[in-house]
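In: Got a sequence here, can you build the structure:
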Amino acid sequence: MADVRYEKLDRIREDIKRDKAKVAKLQEQIKVKEAKLKEAEASQIVADVGAMNMTPEQLGEFLALIQSGNLNELLSGKTKVVTTVNSSEVNEEENEDLYEDEEDENNED
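Out: Prediction:
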């Protein structure tokens with residue numbers, strides 16, 4: 001039989017034990033929610049970049065421009081945009097132009 005003098009201490013110890021269990025459970029829930037948040041943020045970033053129709057190279061240049069602090073100059077017109085073009089992109093555009101010219105010639109006949 002427990003000594004009556006120590007009942008209060010035993011109750012407090014049990015409360016602490018229950019609270020620690022609650023805290024551990026909440027910490028685990030926070031970890032799970034933080035992981036979900038990180039995944040949702042990454043998905044949103046990918047969707048935003050995809051909506052911009054930018055190549056990875058263009059995105060890299062844009063982010064470098066932001067990081068260097070030159071974006072405000074670009075937006076205000078103080079700096080000109082320098083873009084790099086892939087030779088494959090140029091070839092595709094030239095092929096499309098040639099195809100359109102051939103169609104125009106065929107339609108004239």
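In: Where is the longest helix in this structure?
Out: The longest helix of the chain (DSSP state H) is helix 7-51.
In: Which SSE is immediately downstream of that helix?
Out: Heading C-terminal from helix 7-51, the first helix or strand you meet, by DSSP states H and E, is helix 56-68.
In: Next, the angle helix 7-51 makes with that next one.
Out: For helix 56-68 against helix 7-51, the angle between stretch directions is 120 degrees (axes from the mean of the first three to the mean of the last three C-alpha atoms, to 10 degrees).
In: pLDDT averaged over helix 56-68 - what is it?
Out: Taken as a whole, helix 56-68 has an average pLDDT of 87.
In: Please apply the same query to stretch 35-53.
Out: Taken as a whole, stretch 35-53 has an average pLDDT of 93.
In: mind exporting that stretch as PDB, just the C-alpha atoms?
Out: As requested, C-alpha coordinates have been extracted for stretch 35-53 and formatted as PDB (Å, rounded to 0.1, in the frame of the first residue of the first chain):
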ATOM      1  CA  ALA A  35       8.000  16.800 -44.400                       C
ATOM      2  CA  LYS A  36       4.600  17.200 -46.100                       C
ATOM      3  CA  LEU A  37       5.200  21.000 -46.300                       C
ATOM      4  CA  LYS A  38       8.600  20.600 -47.800                       C
ATOM      5  CA  GLU A  39       7.200  18.200 -50.400                       C
ATOM      6  CA  ALA A  40       4.300  20.600 -51.200                       C
ATOM      7  CA  GLU A  41       6.700  23.500 -51.500                       C
ATOM      8  CA  ALA A  42       8.900  21.600 -53.900                       C
ATOM      9  CA  SER A  43       5.900  20.600 -56.000                       C
ATOM     10  CA  GLN A  44       4.700  24.200 -56.100                       C
ATOM     11  CA  ILE A  45       8.100  25.400 -57.200                       C
ATOM     12  CA  VAL A  46       8.200  22.900 -60.000                       C
ATOM     13  CA  ALA A  47       4.700  23.900 -61.100                       C
ATOM     14  CA  ASP A  48       5.600  27.600 -61.100                       C
ATOM     15  CA  VAL A  49       8.800  27.000 -63.100                       C
ATOM     16  CA  GLY A  50       6.900  24.800 -65.500                       C
ATOM     17  CA  ALA A  51       4.300  27.500 -66.000                       C
ATOM     18  CA  MET A  52       7.100  29.900 -67.000                       C
ATOM     19  CA  ASN A  53       8.100  27.700 -69.900                       C
END
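In: Thanks a lot, see you next time.
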